[in-house]
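Asker: have a look; sequence and predicted model below, questions after that.
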Amino acid sequence: MGKKKPRTLISKKTVTEGGGEKNEEKQLEVKQLIPEKQTDVKQLIPEKQLDVAHPTDDPGEDGKKVDSDVPQETVSSTESRKRNIGATRGVCAMHKLHLKLTFLDRIATRTIFFLTSVGTLKPIAIELSLPANGPDSESKCVITPPVDATSNWMWQLAKPHVCSNDSGVHQLANYWLRTHACMEPFILSAHRQLSAMHPIYKLLEPRMRYTLVINAIARQTLISVDGVIESCLTPGCYCMEISASAYKNWRFDLEGLPADLIRRGMAEPDPTKPHGLKLLIEDYPYAADGLLIWDAIESWVSTYMKRYYTESSIICNDKELQAWYTESINVGHAHLRHESWWPKLATPEDLTSVLTPLIWLA
């Protein structure tokens, strides 16, 4: 911006000389309201996007800075000037951080949702975090829903970072790890230990038909070093490290939908409700629709088991079945084989509780 000319006020004064009147105009120069040197705020943001007044570098009569667009006489109190100055400094600090956030690849996010009275979730705060460079570095910033034009684009900038990180968690922990990697040992063991005519193999074969092929292709092109996953997802070279870290908390007995909802705090047991669960968030299509599918799978598997396994002794004496389950745990998940949460395989109910999550996930 070019240098602006000083504003002037015209003061008219009437004097009397020799019985006549003469208007004498006197120009009173007013101090320049906009400093010549541009501040960091103007370098970061177009002037029209600032919703706060720009304070000047020149003090008024009381030693306080005055608003650039309002004459000093109309400023009602010192507090209003302090609010303007504080708001400007706050906007400056946040915009500095957001310029960094715009051009960096990996930003940690935390989001707070509010459960409304109608059972829906409303985001009320997003925290964006960068690695701290020092004790005084501006590494974190909390963004709240917009109230004006400036905060609106800041809110719009924060939301894609949340979606990007959520996509990484979904792909690496919920999808690749739970539905592909953790199911692979059960599928491999089924091909090794169950004959093609075994009723359990017949039940599982349509569900596990393509998983091994997909996993093989994924290791070649998707999750390989510098592959599609590392190139496209936010975690980059840390993608497989995130999957490995999530696997430390993996439990087969909590992979079923009802147990998973309870573990994540989205539902609580309630025998009086459908599916034996009470959803804590009513507007939750994944849970509402998923429980219908889960019940259908569980009912189908239970009916199928009763046709071939009428007694517990049949299950205990089925060598192929026991070999399949033992190898899946002791070989496929070797370092978790001693965990007490593995379901037993001694009754038709036990077999149903093992097969239903496998079909749900695979």
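Answerer: Arrived safely, thanks for sending. Note that the structure is a prediction, hence the values are computed from the model and not measured.

Asker: nearest residue to Gly332 in space, please, no chain neighbours.
Answerer: Pro185 (2.1 Å; C-beta to C-beta, 6 or more residues apart in numbering). Backbone N, C-alpha and C define where each C-beta goes, glycine included.

Asker: give the burial count for that neighbour, as a bare number.
Answerer: By other C-beta atoms under 10 Å, 17 other residues sit near Pro185.

Asker: name the element it belongs to?
Answerer: helix 184-193 (DSSP states H and E).

Asker: could you do Leu128 as well?
Answerer: strand 121-129.

Asker: C-alpha coordinates for that strand, PDB please?
Answerer: Output of strand 121-129 as PDB, limited to C-alpha atoms (Å, rounded to 0.1, in the frame of the first residue of the first chain):
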ATOM      1  CA  LEU A 121     -23.400 -34.700  17.700                       C
ATOM      2  CA  LYS A 122     -22.200 -31.100  17.100                       C
ATOM      3  CA  PRO A 123     -18.500 -30.200  16.900                       C
ATOM      4  CA  ILE A 124     -17.700 -27.300  19.300                       C
ATOM      5  CA  ALA A 125     -13.900 -27.200  19.300                       C
ATOM      6  CA  ILE A 126     -11.000 -28.400  17.200                       C
ATOM      7  CA  GLU A 127      -7.400 -28.400  18.600                       C
ATOM      8  CA  LEU A 128      -4.600 -28.300  16.000                       C
ATOM      9  CA  SER A 129      -1.200 -29.300  17.200                       C
END
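
Asker: got a list of contacts for it?
Answerer: By C-beta atoms under 8 Å, 6 or more residues apart in numbering, the surrounding residues in contact with strand 121-129 are 97, 101, 107-116, 139-145, 155, 158-159, 161-162, 281, 283.

Asker: next, the buried residues of the following helix or strand past it.
Answerer: Next in sequence after strand 121-129, counting helices and strands by DSSP H and E, comes strand 140-143. Neighbour-count burial for strand 140-143 flags 141, 143 (criterion: 16 or more other C-beta atoms under 10 Å).

Asker: list the buried ones in the very next helix or strand once past strand 140-143?
Answerer: Later in the chain than strand 140-143, the nearest helix or strand by DSSP H and E is helix 149-169. By 16+ other C-beta under 10 Å, the buried positions in helix 149-169 come out as 150-151, 154-155, 158, 161-162, 164-165, 168.

Asker: with stretch 199-212 instead?
Answerer: For stretch 199-212, by 16+ other C-beta under 10 Å, it's 200-201, 203-204, 207-208, 211.

Asker: what's the answer for stretch 263-278, then?
Answerer: 267, 275, 277.

Asker: now those in a markdown table, with pLDDT?
Answerer: Output for the buried residues of stretch 263-278, formatted as a markdown table (pLDDT from 0 to 100):
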| residue | pLDDT |
| --- | --- |
| Ala267 | 94 |
| His275 | 87 |
| Leu277 | 92 |
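
Asker: from these, which is closest to Tyr238?
Answerer: Ala267 (31.5 Å; C-beta to C-beta).

Asker: is it true that that closest one touches Pro258?
Answerer: Yes. Using C-beta atoms under 8 Å, Ala267 makes contact with Pro258 at a distance of 7.3 Å.

Asker: for these two, list the residues in contact with both.
Answerer: What both Ala267 and Pro258 touch, as defined by C-beta under 8 Å, 6+ apart, is the set Leu277.

Asker: just checking, His333 touches Pro185?
Answerer: Yes. When contacts are counted by C-beta under 8 Å, His333 is listed as touching Pro185 (6.0 Å).

Asker: strand partners (parallel or antiparallel) of the strand holding Leu128?
Answerer: strand 108-115 (antiparallel), strand 140-143 (antiparallel) (DSSP bridges).
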